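Participant: Return a 3D structure for these sequence lines:
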Amino acid sequence: MLSPHIHLIFSNAQILDVLHPGRGPVPRKELRDILCKKFGVKNNKCVFVFGFKTAFGGARSTGFALIYDTLNDALNVEPKYRLIRNELGKKATGSRKSRKELKNKKKKFRGIKKAKVGAAGGG
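Facilitator: Numbering: from 1, shown residues only. Reported below is the predicted structural model:
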């Protein structure tokens, strides 16, 4: 494992090689817990694992991990979709089509009327 400390974003970047013979891919939550113990991180929400590819024939996966010093650093730097995967963000509600329709309906109004359209649409 590599462990360069990136000072600009207060994190460690890791390339992970996971050996798992006789079983399927290792869950991300389990990997986060292992990394927390190895690097002495108190909050497992500060560890983000992603991009895992299982080698042909199984038994080995390679992926990437970012370990942040504090939760606040992670919230400032990580993209929204990874925050949602780590249960730190809130996923948009409603269908995609309804959200897009509401967005386009809001474009036709200004000021207070725009807020009323948003409140009526539930968004």
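Participant: In this structure, where is pLDDT below threshold?
Facilitator: The chain contains residues with pLDDT under 70 at 1-9, 120-123.
Participant: ok, now with 80
Facilitator: 1-11, 118-123 (pLDDT under 80).
Participant: show me what contacts the residue positioned nearest the centre of the chain?
Facilitator: By C-alpha atoms, centre = their mean, the chain has its centre lying nearest to R82, at 1.4 Å. By C-beta atoms under 8 Å, 6 or more residues apart in numbering, the contact list for R82 reads F48, F50. Heads up, the C-betas are built off the backbone N, CA and C, glycines and all.
Participant: Surely it is within a strand?
Facilitator: No: remark: R82 does not belong to a strand; assigned using DSSP: H, G, I helix; E, B strand; the rest coil, it is helix.
Participant: Would you check how far apart it and L75 are?
Facilitator: Going from R82 to L75 by C-beta to C-beta, to the nearest Å gives 11 Å.
Participant: before we move on, what about V26?
Facilitator: Noted for V26: a distance of 26 Å to L75, by C-beta to C-beta.
Participant: One more: L31?
Facilitator: 21 Å.
Participant: Please say which of these two ends up with more neighbours.
Facilitator: Legend: neighbour count by other C-beta atoms under 10 Å for L31 and L75, higher for L31 (20 against 14).
Participant: doesn't the more buried one fall inside a strand?
Facilitator: No: secondary structure of L31 (three-state DSSP): helix, not part of a strand.
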